[in-house]
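Student: Here is a sequence with its predicted model. Questions after.
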Protein chains: 4
Amino acid sequence: MRRYVHDQLFIHSDSAQARRGLSWMNRLMVTTIFLAIMLTVLASEKTLFEPHRRLFIATEMAFGAIFGVEYLARVWAVVEDDPSAPAWKMRLRFMATPVALLDLVVVIASLLPFFFSDVAVLRLVRLLRLAALVKFSHFSIALRELMHALSDRRYELLVTLALGGCLLLLGATALYWTEHEVQPEAFGSIPRALWWAVITLTGVGYGDVTPITPLGKMFASLVAMCGIGLVAMPTGIMASAFSDAMQRRRALNDPTLGPLPGDETDLT
Amino acid sequence: MRRYVHDQLFIHSDSAQARRGLSWMNRLMVTTIFLAIMLTVLASEKTLFEPHRRLFIATEMAFGAIFGVEYLARVWAVVEDDPSAPAWKMRLRFMATPVALLDLVVVIASLLPFFFSDVAVLRLVRLLRLAALVKFSHFSIALRELMHALSDRRYELLVTLALGGCLLLLGATALYWTEHEVQPEAFGSIPRALWWAVITLTGVGYGDVTPITPLGKMFASLVAMCGIGLVAMPTGIMASAFSDAMQRRRALNDPTLGPLPGDETDLT
Amino acid sequence: MRRYVHDQLFIHSDSAQARRGLSWMNRLMVTTIFLAIMLTVLASEKTLFEPHRRLFIATEMAFGAIFGVEYLARVWAVVEDDPSAPAWKMRLRFMATPVALLDLVVVIASLLPFFFSDVAVLRLVRLLRLAALVKFSHFSIALRELMHALSDRRYELLVTLALGGCLLLLGATALYWTEHEVQPEAFGSIPRALWWAVITLTGVGYGDVTPITPLGKMFASLVAMCGIGLVAMPTGIMASAFSDAMQRRRALNDPTLGPLPGDETDLT
Amino acid sequence: MRRYVHDQLFIHSDSAQARRGLSWMNRLMVTTIFLAIMLTVLASEKTLFEPHRRLFIATEMAFGAIFGVEYLARVWAVVEDDPSAPAWKMRLRFMATPVALLDLVVVIASLLPFFFSDVAVLRLVRLLRLAALVKFSHFSIALRELMHALSDRRYELLVTLALGGCLLLLGATALYWTEHEVQPEAFGSIPRALWWAVITLTGVGYGDVTPITPLGKMFASLVAMCGIGLVAMPTGIMASAFSDAMQRRRALNDPTLGPLPGDETDLT
């Protein structure tokens, strides 16, 4: 039975298993973590939390118990990794791994009294736990390829970032010059004008701060137009990076379009 | 004559007919449905509907009559599909198909009394009817290719969606932390802050809710910048997917660039 | 001398001349039209126009005179096209061409009394004149290739447009349902809600109309997220279209990357 | 020792050194310039500057001293470039180069009294100094390739710009026509309406100026939709340009994907 629990909870991710996906226990854990995150999000809304205080705390405790049981089950079953080694040594070594420590933090975060409502948000650390689990699935292959393609073009993307930074600084300075006398609250210094510059250059455009002098509007128009280029450049770089990655992959194993070779990793 | 009506109303979409496009009766139906949708949209505006109440109801009734006649004509003419089978059996079987049921719903929706103005909007179910008709044309080939290309990259697109979800949650949590004391109405809980996060990360930026503390503005700037990446990633993935689909298609039938093989489907 | 004026004003666009660019007289005309458009734009601003009324009218008259002289010069010099034909026949035939009629409209628009200030904007018809001239330059080759690439994917782009239209209608209907009781002015009918839907889906996000109910905000979030896809799809289609056009061009004339063959057109 | 200072401060950028990156002295200078720019930005905020006036001035003086020492060190060490030539001639020739003049401007800008707070912003000229240094690194290769790819498509990008300009003018004129009577302040002339048009077409959408008539809203919807195309076109062009550049590079030196040949330049 310990053997079965071990195989369910630990993922020896050879590429065969990666294609089969997660075991049912791990699927259950993914669902539980997802629900626990939802609970933390909803509990932050006072108008929901106050009338159902007990329900929220009870559910939180239940989630804490599930995470605790899972943690203990992993500590108990880890011995199966290497049956010849002494059990306590295996367990201690496992408890010192980052994944196990993260588990422990998640369990403790769940069992902390609920009263410290500002600390409750810390439970979102479960996102990390989710990420550690999701890593073993079709998503991980897609994620790794995306990251690989982006890292191939890291200098191009950094150049875009640097150009964006210069544009931000120049735009903020231009608006500071033209508007700081008329709107000292919004454009009274370069750091203040930078808030306007970010919101304009990214195309968000809240409208809480807008130029009112004709010259300021001309500079703002220029910044807004540059914003299009600043969206277009990284998009173009990413598009060519992904095209490129796809062609290289096809050149390697042409007809099947299956997963890349060298997909075998062995993590928990 | 029943033969002619049948050939006009039913589409045996072999690829030859797909290239010829819709029959004139079906073109008429597409136009009618389009006009009927327009009518439903306009009728929801009280300042238009109240002064011309009778005109609106009469036109709606006329559209209902057209849809009713078309439905009956299809039931009548469907027998031609297989002249050897018994007519009533063919008709009943046809009336049980999803497309015929959808037709019936459209007809009934048109004939419902107009007084229940909130229900009137249900007539937009005609959009589905439109979709079922438009499926047989050049559009359907383009649509199928786009869908095919996107489904090839479904994991990459889902990874983008997941990253976007994490960003939303982290951004909302950061703003909840920094702003919930100053603006309890807008940032008093994570679900409330999520509204701000969605509107910022997608670049819409209404400006109904904006951070006012310096730290909140810094986090908001980060979220706005990540928003560019969140637009750039799916765009890049789609660009490479469409490029890829185009190259595969050309590799299959190089000089003609005609429709793909295997285009023959037989739907109503 | 008539020969020289003819060669300057008329463009026999063989590809050799397309590469040389416009003649000096035509460059002068491009500049003049550009300045005349600027004048029309500035004249619409009362605070500029009223104090310098005479200057504006005089400049406008001067531009009108230049356009008149150019028109007469073209009518005079067109005879050189075919010296053997009778002069009056050539001139009449030229005056009936669309380009010459457009010229005449531009001249008349310039000489109309300036008092009808609402009509003055009609002078922007000069934009067309500008387009007719600019057609013969490096721009025309780039423009033609862009148009060609886009027309290759017209069905894909129309599918995007149709999906966008459906999203607009569904989004507007959803917000009409959830918000028409709370905000009858902004969401009291589907046509009214469509204004909100367009501004949200395109990512402009003025913020003059925003949902205030929780359900409305959830629907609005969905619409805003779909907006990202709606930007990403045409961008991806265009990226793959342009990539494709570039590869085809290189396959045709590999090392030179010069203009396409068959560039010879003969327009005025 | 002069030899060592020379090798540290001057970059004989053969491609070998480009790959090694900057020397430690130059890294120090990059950091110093970066910090000096930050100081200028922060000093523009009165609520930070006034309480710590002395600290800001002292730090600024310190930065000025560092830039001064570096300038003198370069003048002193430049002699090593060509030990056979007379020292004073080498030094004068170096002091007349643009890079050295820029250095001098930066030094003088730092030593100007701090009281002229509006002039203080001129210190951002250091951005140029930063650019001159950063030019020798991996960034420069990426930047050069991006610029090269964009310059290959300059006509296509200019066509997009021209189309954007026409859209701006037509949109502004349409809104001027429909709204100038209702909102004379915002749409009373075409130049005023252009502010609205830029902010809408680029997707920024502040919302400080929005149409209120039904016809105005219809035109604005059209402009907002065209805005999507106006973002999609340059993005598509850039994506295809970067793809293209990548493929050409791979065709040149296939397996290594190293820097391009002909990377040797010799600047200071």
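Tutor: Nice, I can see it.
Student: Can you report how many residues neighbour A:Thr32?
Tutor: 18 (other Cβ atoms under 10 Å in any protein chain shown). The way it works is simple: take the backbone N, C-alpha and C, and place the C-beta from them, glycine included.
Student: Check the closest residue to it other than its chain neighbours and give its pLDDT.
Tutor: Leaving aside its sequence neighbours, A:Thr32 sits nearest to A:Ile66 (Cβ to Cβ, 6 or more residues apart in numbering or on different chains; 5.6 Å). At A:Ile66, the predicted lDDT confidence score is 90.
Student: hang on, A:Ile66 packs against A:Leu35?
Tutor: No. The pair A:Ile66 / A:Leu35 is not scored as a contact, 9.9 Å apart, by Cβ atoms under 8 Å.
Student: These two - which one has more neighbours?
Tutor: A:Ile66 (18 against 13).
Student: Helix, strand, or coil at the more buried one?
Tutor: Here A:Ile66 is recorded as helix under DSSP: H, G, I helix; E, B strand; the rest coil.
Student: How about A:Gly207?
Tutor: Classification of A:Gly207 by three-state DSSP places it in coil.
Student: where does the stretch 151-268 of chain A have low pLDDT?
Tutor: A:253-268 (pLDDT under 70).
Student: let's see 50
Tutor: A:255-268 (pLDDT under 50).
Student: how much space is there between the residue of it found nearest chain B and D:Glu181?
Tutor: At 3.2 Å from chain B, A:Met238 is the closest residue in the stretch 151-268 of chain A, using Cβ to the nearest Cβ. Distance of A:Met238 to D:Glu181, computed by Cβ to Cβ, to the nearest Å: 46 Å.
Student: So these two - more neighbours on which side?
Tutor: Counted by other Cβ under 10 Å, A:Met238 and D:Glu181 do not tie: A:Met238 has more neighbours, with 27 against 10.
Student: Surely the more buried one touches B:Leu230?
Tutor: No. Using Cβ under 8 Å, A:Met238 makes no contact with B:Leu230, being 11.3 Å away.
Student: Show the contacting residues for the residue in chain A that chain D sits nearest to.
Tutor: With Cβ to the nearest Cβ, the shortest gap between chain A and chain D falls at A:Gly236, namely 3.2 Å. Going by Cβ atoms under 8 Å, 6 or more residues apart in numbering or on different chains, A:Gly236 touches B:236, C:239, D:235-242.
Student: Give me the buried entries from those residues.
Tutor: B:236, C:239, D:235-242 (16 or more other Cβ atoms under 10 Å in any protein chain shown).
Student: Next, the angle from the longest helix along chain A to helix D:214-252.
Tutor: Counting by DSSP state H, the longest helix found in chain A is helix A:214-252. Taking axes from the mean of the first three to the mean of the last three Cα atoms, to 10 degrees, one finds that helix A:214-252 is oriented at 40 degrees with respect to helix D:214-252.
Student: list the buried ones in helix A:214-252?
Tutor: Residues of helix A:214-252 classed as buried: A:216-221, A:223-247 (neighbour count, 16+ other Cβ under 10 Å).
Student: Over to stretch A:154-168?
Tutor: A:155-157, A:159-160, A:162-164, A:167-168.
Student: Also within reach of chain B: list those from these.
Tutor: A:Gly164 (Cβ under 8 Å from any Cβ of the partner chain).
Student: Narrow the buried residues of stretch A:154-168 to those in helices?
Tutor: Among these, the members falling in helices (DSSP H) are A:155-157, A:159-160, A:162-164, A:167-168.
Student: re earlier: would you mind putting the buried ones among the contacts of A:Gly236 into JSON lines with distance to B:Ala85 alongside?
Tutor: Output for the buried ones among the contacts of A:Gly236, formatted as JSON lines (distance: Cβ to Cβ, whole Å):
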{"residue": "B:Gly236", "distance to B:Ala85": "53"}
{"residue": "C:Ala239", "distance to B:Ala85": "52"}
{"residue": "D:Thr235", "distance to B:Ala85": "56"}
{"residue": "D:Gly236", "distance to B:Ala85": "53"}
{"residue": "D:Ile237", "distance to B:Ala85": "58"}
{"residue": "D:Met238", "distance to B:Ala85": "60"}
{"residue": "D:Ala239", "distance to B:Ala85": "55"}
{"residue": "D:Ser240", "distance to B:Ala85": "55"}
{"residue": "D:Ala241", "distance to B:Ala85": "61"}
{"residue": "D:Phe242", "distance to B:Ala85": "60"}
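Student: give the contact list for the residue in chain A positioned nearest to chain C.
Tutor: With Cβ to the nearest Cβ, the shortest gap between chain A and chain C falls at A:Ala239, namely 5.2 Å. Contacts for A:Ala239 (Cβ under 8 Å, 6+ apart) come out as B:235-236, B:239-240, C:236, C:239, D:235, D:239, D:242-243.
Student: Mind doing that once more with 6 Å?
Tutor: Neighbour list for A:Ala239: B:236, B:239-240, C:239, D:239 [criterion: Cβ atoms under 6 Å, 6 or more residues apart in numbering or on different chains].
Student: Then A:Ala224?
Tutor: Here A:Ala224 is in contact with A:200, D:198, D:202, D:204 (criterion: Cβ under 6 Å, 6+ apart).
Student: rerun at 7 Å
Tutor: A:200, D:198-199, D:202, D:204 (Cβ atoms under 7 Å, 6 or more residues apart in numbering or on different chains).
Student: Same question for A:Val223.
Tutor: Neighbours of A:Val223 in contact, by Cβ under 7 Å, 6+ apart: A:171, A:197, A:200-201.
Student: Close to chain C: what parts of the stretch 151-268 of chain A are there?
Tutor: By Cβ under 7 Å from any Cβ of the partner chain, the residues of the stretch 151-268 of chain A that approach chain C are A:203, A:205, A:207, A:235, A:239.
Student: Closest to C:Ile141 out of these?
Tutor: Lowest distance from C:Ile141 to these (Cβ to Cβ) belongs to A:Ala239, with 24.0 Å.
Student: thinking again about what came up before, show me which pair in the contacts of A:Ala224 is furthest apart.
Tutor: That would be A:Thr200 and D:Val198, which, of those, are the farthest apart (Cβ to Cβ) at 10.8 Å.
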